[in-house]
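all I have is the shape, not the residue letters:
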């Protein structure tokens, strides 16, 4: 009898507590429908309260960049929250400078929607769309770098600026995640998007992309990126890349020569050995057509049997040798590993480029 | 049943028989969440609330359900189930009304469930044969006493950021020493009343 009572009492108590908690949850955690006001009345979105601002915005087809899947570790999803965001959280402070804090910048993935919210989102991000596409072609460039081309299905056209990037949706054990890749196809090819992807062992995005086959469906959002290309034909463009940092420069150079065939442009690209060299034939052909285009590939660790008569040594040394100091109006775009970016930035500063004329993509 | 007045129990459990400083219950969150007075106050309030509610509810369950049915052996598991449910409730409440406190407390908010001071209060009131009012007074006093201790410690630790603590004692080591000294001070009251 005692055993029966024991079981009965325990079950009743647990069920009773569970019911009480469920009632409490529906009252306390239910925030109802909240309104997100975007850019002072430009858009007014109705979303379910209780979720993060990032997922609320994505639900309403506003795609804020985010590479970590809303865990607060990438710091990409910064937007201005004017009111209704609550106090800034300890999970955000490492990514937000004092000045940004004053302006109300928050990480959208950490702000929970509890009431009506007023946000400011840059115009560029409002144009970001979710694209569905299929793989049109893949080609191995080197041992670990692949060129992958998508044809767009819906929407059928993408309008981007040179140097912008897209975020590929890659499946992962914890649900889909987004990974950023620069667009390498020219901006006038509006119904296709091409990426140049290096395989990172264990990387979610690059493994997914390298395993794609022709005809596979993909989804991505874009375009993102705040690089403003200087359209002035007198401006000399200096592109410096290393390793897999080729995609944005290919996009910029091809797009630019279509419009302005007389512009001066330098492309410096650093590789380890000859086996890492790719796109050189294409650029040499381009240099034959456009006399003001100069292409320089440099090998930092050439192998003994490499048949190479070009530059050797680190790429910033070649840059230092070939670019004259104070050569008029210039703009530089760098893409590659951080030590290369640092070395190249120092050389460019010494050549008289102001910091705001040097744009870089670090990875 | 114990003959002590609830008022005496209330005052005594705050000062003379402080659950943290005389019984050393609830030390883990005491050490971890006593860096800022604000956080300590928040956690203290949550502990007071959970302690008072669970003391009352647990007393009723023990007296009106467990004793008549003769199943006192279930006491521990039922006490902890009630505490766990209340902590869940407090967690939802804090998240809704003070997100800053919610993030400042972090994992220690759900960990109130295993805060030994709260289970200790529920167990002690039974072994001391308290009545309902006495139990509620004990729960309230015990919670306030715990909050008092953690807030005092947070104040001392905030002041201590400006003091020159010898390197081997920095961090938790000096906190343990201060806790010992505080416990000795509170022991000065010991024996004034027996609860």
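Perfect, I can see it now. Bear in mind that the values here come from a model prediction, so they are computed numbers and not experimental data. Numbers count the residues shown, from 1 in each chain, chains lettered A, B, ... in the order given.

drop to CA atoms for contacts and neighbour counts, all remaining ones
Will do.

packing partners of the host helix or strand of residue B:174?
Per DSSP states H and E, residue B:174 falls inside helix B:172-187. Judged by 3 or more CA pairs under 8 Å, 6 or more residues apart in numbering or on different chains; DSSP states H and E, helix B:172-187 has no packing partners among the helices and strands.

and that helix, which residues are buried?
If you call a residue buried by 16 or more other CA atoms under 10 Å in any protein chain shown, then helix B:172-187 has these buried ones: B:174, B:175, B:179, B:182, B:183, B:186, B:187.

next one: stretch B:132-146
Judged by neighbour count using 16+ other CA under 10 Å, the buried positions of stretch B:132-146 are B:132, B:134-146.

ok, now stretch A:310-327?
Here stretch A:310-327 shows A:312, A:314, A:315, A:316, A:318, A:319, A:320 as buried, counting by 16+ other CA under 10 Å.

and stretch A:25-32, by the same measure?
A:28, A:29, A:31.

how about the second one, what does it touch?
For residue A:29, the contacting residues are A:50, B:92, B:96, taking CA atoms under 8 Å, 6 or more residues apart in numbering or on different chains as the criterion.

of these, closest to residue B:124?
Nearest to residue B:124 among the contacts of residue A:29, counting by CA to CA, is residue B:92 at 28.0 Å.

in contact with that closest one, which residues?
Neighbours of residue B:92 in contact, by CA under 8 Å, 6+ apart: A:25, A:28, A:29.

give me the phi and psi for it.
Recorded main-chain torsions at residue B:92 are phi -60, psi -40, according to degrees, to the nearest 10.

just the contacts of residue A:29 now: which is nearest residue A:329?
Of those, the one sitting nearest to residue A:329 (CA to CA) turns out to be residue A:50, at 51.1 Å.

chain neighbours aside, what residue packs nearest to that closest one?
Leaving aside its sequence neighbours, residue A:50 sits nearest to residue A:113 (CA to CA, 6 or more residues apart in numbering or on different chains; 5.3 Å).

neighbours around that neighbour, how many?
Neighbour count for residue A:113, taken as other CA atoms under 10 Å in any protein chain shown: 27.

got the residues of the stretch 1-150 of chain A near chain B?
The interface of the stretch 1-150 of chain A toward chain B, taken as CA under 8 Å from any CA of the partner chain, is made up of A:2, A:5-6, A:10, A:13-14, A:17-18, A:21, A:24-25, A:28-29, A:86-90.

sorry, back to before: tell me the least confident of the buried residues of stretch A:25-32?
In terms of pLDDT, residue A:29 ranks lowest among the buried residues of stretch A:25-32, with 78.

sorry, back to before: any idea of the mean pLDDT for the helix holding residue B:174?
90.

now residue 3: which helix or strand?
This is for chain A. Residue A:3 belongs to helix A:2-28 when assigned by DSSP H and E.

what is the subsequent helix or strand relative to that helix?
strand A:33-38.

what's the first helix or strand after the longest strand anywhere in chain A?
For chain A, the strand that runs over the most residues, judged by DSSP state E, is strand A:129-140. With elements assigned by DSSP H and E, the helix or strand that comes after strand A:129-140 is strand A:145-154.

contact partners of that next one?
A:131-141, A:191-199, A:209-210, A:244.

try it again at 7 Å.
Applying CA atoms under 7 Å, 6 or more residues apart in numbering or on different chains, the external contacts of strand A:145-154 come out as A:131-141, A:191-199, A:210.

which residues sit against stretch A:195-209?
Counting by CA under 7 Å, 6+ apart, A:144-149, A:170, A:172, A:179, A:181-184, A:210, A:244, A:247 sit against stretch A:195-209.

what helices or strands is the helix or strand of chain A with the lowest mean pLDDT leaning on?
In chain A, no helix or strand scores lower on mean pLDDT, DSSP states H and E than strand A:358-362, which sits at a mean of 80. For strand A:358-362, the packing partners by 3 or more CA pairs under 7 Å, 6 or more residues apart in numbering or on different chains; DSSP states H and E come out as strand A:330-336.

residues of the very next helix or strand once past the strand it packs on that come out buried?
Next along the chain after strand A:330-336, taking DSSP H and E as the criterion, comes helix A:338-350. Within helix A:338-350, the residues scored as buried using 16+ other CA under 10 Å are A:340, A:341, A:344, A:345, A:347, A:348.

pick out the most distant pair among those residues.
Maximum distance among the buried residues of helix A:338-350 (CA to CA): 12.1 Å, for A:340 and A:348.

okay, now the domains of chain A?
A:33-123, A:127-224, A:236-362 (automatic domain parsing).

I'd like the ones you listed written out as a markdown table, with distance to residue B:116 added.
Putting the domains of chain A into a markdown table (distance: least, CA to CA, whole Å) gives the following:
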| stretch | distance to residue B:116 |
| --- | --- |
| domain A:33-123 | 28 |
| domain A:127-224 | 35 |
| domain A:236-362 | 50 |
